[in-house]
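Visitor: make a model of this:
(2 chains)
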Amino acid sequence: MAMSKESKKEKKAKVKIKPGRLARREAITGLIFVTPWIIGAAIFLIYTLGSSFWYGLNNIRITPMGKNFNFVGLGNYTQILLVDTDFTPQLSQYLFSTIISVPVIVVFALIIAILLNGKIRCKGFFRLIFFLPVIVVSGPVMGMLADQGAATISTIDTQAIGNAVSGFLPRSLAESITELFGNMITILWYSGVQILIFLSALQKIDSSMYEAAQMDGGSGWECFWKITLPTIKPMILLNVVYTVVFISGNEQNAIITLIQDSMFSGTKEKGYGYASAMAWLYSLVVVLIVVLFAVLLMARKDIYERQVKRARRERKKEARTVKRIERRGIRNARKIEKARTKRKYKTYDGSGDY
Amino acid sequence: MTIKNGSETINNVSEATKTKWNWKPHRLTDIEKDKIKKFFMGSREKEGFLKQFVVYALLICIGFIYLYPILYMLSSSLMTLDDLLDTSINWIPSSFNFKNYAQAGSSMNFWPVLGLSIIVAGVPTLLNVLSCSVVGYGLARFEFPGKKIMMGIIIFTFILPSQVTMIPTYVLYSNLKILSTLWAFVVPSLLAQGINASIFILIFYQFFKQVPKVLIEAAQIDGAGYFKSFVRISLPSAAPAILTVFLFSFVWYWNNSYLTRMYVSGVMTQSKWTTLVVQLQKFATNFNSYAQTEASGATTLNESISMAGTMLSILPILLMYFVLQRYFVESIDRVGITGE
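Guide: Below is the predicted model of the structure:
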């Protein structure tokens, strides 16, 4: 927080000074360094996003002469949302399962990180195991494992959980929860990187803070909520975003296969345009999920921050009042002076003086 | 029965029995009680046995769940068909059957494909390191207009699913005639747009920000240009970041079958480029056609063989992980993603 404030101040100071030759040269060199990215973004981001949007509005047929564009407006979108029997259920399924499994993954990663953060023998060995899935996890491997039933813990009776849950929850939600338990190992496997991120964040927390809290009689539980959690809050957001992105790009995800299939499908209404429209809808949902989690996590300010903010606001208000009073004093003084010089100011005794 | 109660009951025992057995109750002193309590519940300085026990139990349980699929894969890949069907055999096969591996390997065309996989994952990875380090350095070291916007776009590209830009990219590649060649991976990674390149740019950005500016300025006073000070001073000091980016990029390229199939090995047609993971995806069809051609050792596809195939496809990267595990696990610490 404070850092960004300072840098902003610096920037403001820089704006006032006219950039010298060195600064200009540095700016140009910097631009040269990032040129590859700028070219890449122009080709692979701006151009492709634009044309993908344009594709989405067209029905594209591939003929031997080349691609045949046929403008249909929002036809693809209405087709997908209203007629297609696969996409909407898949998308809502994806939405629910992501919203449920992301907190599970992140909380789980946090728990493991806290366990590992204590004084533990064979810490390296445990880290080795928990990071292993990151290396191995890939679409086909997970597919193979799921086919063989190795991705579930066979002792958990998923059917019973599903039945129990579906009693008091809507069906789609209950299905997602059942699926969550069914794919427990898959869920756990997705939390390798998150564990490491949390672990290195936990290790960076100053131990003197905990000591100070203990002096004041804070229990471990309180320390966790009032020191650990606020300190690693940015990491929670980072991990949530990472998890969402990882799940959405994972090959186990049925939607991206659906998009690919409809891209190469030979039917009349499907094709590149149809698949582009699907991809747009899908990315919209992904970005929405990320924004949702970001808003949820950023909205909750902790007590300390709130107090600082309130103090700052009060100080500002005070400063404003002081300034106002000062200004009023100056104005009044000027008025009185003016009146006195013009001899318009009447006092009770008529002398013009106080 | 607590200790206090115990001593009371013993006091109630009649004198006669006491003399008969000549047995004196051992009273626990307060210090001993305290010691036992400390051993189980822990004290301010030392964690108690109970807590440690719970922690280790949890870790071992979760660790087992983590390893379960791999152990399962390993054990069932070594089973014969009879072992698979035998319900009394759960984990340890009656005899190690390495024929599964031989069959799976030859149906996947293991050795040539292994070489191809290394190239397909390695070349874009090297280029990724190169381009992302340059871009990250440019962002970290220099001030120029539009930098904030650039950072915003980089983060946005990380969130944006690759599917939305996939179709025009596919068309672009086919227009440029680089579809189904390695160039389809080389070009984007050269322009810092490869798989997850935004993470790598941010890693380098973070790292180069930590390199003291004084060092670079000293080099410049000694007459090094901007580029030279980058190559000579900043890049060698960024070895941890380079290693991290290299490892992660390699793993991600290796494991990516979706984009590899799309751009490099071909969805409809089969180009000469393929990877083990892509081969695994088509394992069933590949194996069936292999079994038909090779009349002698032909067996039908069973669980053991597909598990052996899966094992083969992850084996190289698993070996790499066990050799380089220290760098993997410590990478996130050293790069300092969590610094801010």
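
Visitor: and A:N70, what element?
Guide: strand A:66-71 (DSSP states H and E).

Visitor: now what about that strand, what contacts it?
Guide: A:L57, A:N58, A:N59, A:I60, A:R61, A:I62, A:Y272, B:V171 (CB atoms under 8 Å, 6 or more residues apart in numbering or on different chains). C-beta coordinates here come from the backbone N, C-alpha and C atoms, glycine included.

Visitor: B:E330: how many residues sit nearby?
Guide: 17 (other CB atoms under 10 Å in any protein chain shown).

Visitor: could you give the mean pLDDT of the helix or strand containing A:W221?
Guide: Element membership of A:W221 [criterion: DSSP H and E] is helix A:220-223. Averaged over helix A:220-223, pLDDT sits at 82.

Visitor: right, is it up against chain B?
Guide: No: for helix A:220-223, no contact with chain B is found by CB under 8 Å from any CB of the partner chain; the gap never falls below 9.9 Å.

Visitor: sorry, back to before: pull out the buried positions in the very next helix or strand once past the strand holding A:N70.
Guide: Next in sequence after strand A:66-71, counting helices and strands by DSSP H and E, comes helix A:75-78. By 16 or more other CB atoms under 10 Å in any protein chain shown, the buried positions in helix A:75-78 come out as A:G75, A:N76, A:Y77.

Visitor: low-scoring stretches of chain A, by residue?
Guide: A:1-19, A:64-65, A:149-173, A:175-176, A:299-303, A:343-354 (pLDDT under 70).

Visitor: what's the burial count for B:L28?
Guide: Neighbour tally, B:L28, other CB under 10 Å: 15.

Visitor: so when I look at it, I'm seeing a strand, right?
Guide: No: counting by DSSP: H, G, I helix; E, B strand; the rest coil, B:L28 falls outside a strand, being coil.

Visitor: separation between it and chain A?
Guide: For B:L28, the distance to chain A equals 29 Å [CB to the nearest CB, to the nearest Å].

Visitor: pLDDT value on that residue, please?
Guide: 73.

Visitor: can you list contacts of stretch A:201-218?
Guide: A:113-114, A:117, A:222-223, A:226-228, A:231-232, A:235, B:44, B:333, B:338-339.

Visitor: what comes up buried for stretch B:260-279?
Guide: Buried residues in stretch B:260-279 (16+ other CB under 10 Å): B:260-266, B:273-279.

Visitor: ok, so of these, who is nearest B:I178?
Guide: Using CB to CB, the shortest approach to B:I178 within the buried residues of stretch B:260-279 belongs to B:Y263, at 8.7 Å.

Visitor: next, work out how far apart that closest one and chain A are.
Guide: B:Y263 is 12 Å from chain A, by CB to the nearest CB.

Visitor: so what's that residue closest to, chain neighbours aside?
Guide: B:A184 (3.9 Å; CB to CB, 6 or more residues apart in numbering or on different chains).

Visitor: OK, contacts around the one you found?
Guide: Counting by CB under 8 Å, 6+ apart, the residues that B:A184 touches are B:Y173, B:I178, B:Y263, B:V264.

Visitor: looking at those residues, which is nearest chain A?
Guide: B:Y173 (10.7 Å; CB to the nearest CB).

Visitor: how many residues are close by that closest one?
Guide: 20.

Visitor: follow-up on the earlier one: tabulate the contacts of B:A184 (a markdown table), appending pLDDT.
Guide: Shown next, in a markdown table, are the contacts of B:A184 (pLDDT from 0 to 100):
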| residue | pLDDT |
| --- | --- |
| B:Y173 | 89 |
| B:I178 | 84 |
| B:Y263 | 85 |
| B:V264 | 83 |
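
Visitor: so how far is A:N68 from the residue nearest to B:Y263?
Guide: 24 Å (CB to CB, to the nearest Å).

Visitor: on that earlier part again, now do the buried residues in the helix or strand following the helix holding A:W221.
Guide: With elements assigned by DSSP H and E, the helix or strand that comes after helix A:220-223 is helix A:229-231. For helix A:229-231, burial by neighbour count (16+ other CB under 10 Å) applies to A:T231.

Visitor: and chain B, is helix A:229-231 touching that?
Guide: No: judged by CB under 8 Å from any CB, helix A:229-231 makes no contact with chain B; its nearest approach is 10.4 Å.

Visitor: helices or strands next to the helix or strand following that helix in the packing?
Guide: Moving toward the C-terminus from helix A:229-231, the next helix or strand (DSSP H and E) is helix A:233-249. Counting contacts by 3 or more CB pairs under 8 Å, 6 or more residues apart in numbering or on different chains; DSSP states H and E, helix A:233-249 is packed against helix A:87-117, helix A:192-203, helix A:272-299, helix B:147-159.

Visitor: pull helix A:233-249 out as PDB, backbone CA atoms only.
Guide: What follows is helix A:233-249, C-alpha atoms only, in PDB (Å, rounded to 0.1, in the frame of the first residue of the first chain):
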ATOM      1  CA  LYS A 233      -4.500 -12.400   1.700                       C
ATOM      2  CA  PRO A 234      -3.000 -11.300  -1.500                       C
ATOM      3  CA  MET A 235      -1.700 -14.900  -2.000                       C
ATOM      4  CA  ILE A 236      -5.200 -16.200  -1.500                       C
ATOM      5  CA  LEU A 237      -6.400 -14.100  -4.400                       C
ATOM      6  CA  LEU A 238      -3.500 -15.100  -6.500                       C
ATOM      7  CA  ASN A 239      -4.200 -18.800  -5.800                       C
ATOM      8  CA  VAL A 240      -7.900 -18.400  -6.500                       C
ATOM      9  CA  VAL A 241      -7.200 -16.800  -9.900                       C
ATOM     10  CA  TYR A 242      -4.500 -19.400 -10.700                       C
ATOM     11  CA  THR A 243      -6.900 -22.200  -9.800                       C
ATOM     12  CA  VAL A 244      -9.700 -20.800 -11.900                       C
ATOM     13  CA  VAL A 245      -7.400 -20.400 -14.900                       C
ATOM     14  CA  PHE A 246      -6.000 -23.800 -14.400                       C
ATOM     15  CA  ILE A 247      -9.400 -25.500 -14.200                       C
ATOM     16  CA  SER A 248     -10.700 -23.600 -17.200                       C
ATOM     17  CA  GLY A 249      -7.700 -24.500 -19.400                       C
END
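
Visitor: for residue 241, the count of nearby residues, please.
Guide: Picking chain A for this. The number of residues packed near A:V241 is 19, by other CB under 10 Å.

Visitor: can you look at chain B instead?
Guide: With other CB under 10 Å as criterion, B:A241 counts 26.

Visitor: you'd agree it is up against B:F204?
Guide: Yes: B:A241 is in contact with B:F204 according to CB atoms under 8 Å; the separation is 5.7 Å.

Visitor: which residues are in contact with both of those two?
Guide: B:S133.

Visitor: what's the residue in the stretch 151-300 of chain B positioned nearest to chain A sitting at in phi/psi?
Guide: Among residues of the stretch 151-300 of chain B, the one nearest chain A by CB to the nearest CB turns out to be B:L191. It sits 2.9 Å away. Phi and psi for B:L191, reported as degrees, to the nearest 10, are phi -100, psi 20.

Visitor: got CSV for the contacts of B:A184, with secondary structure too?
Guide: Supplementary listing: those in CSV, determined by three-state DSSP:
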residue, secondary structure
B:Y173, helix
B:I178, coil
B:Y263, helix
B:V264, helix
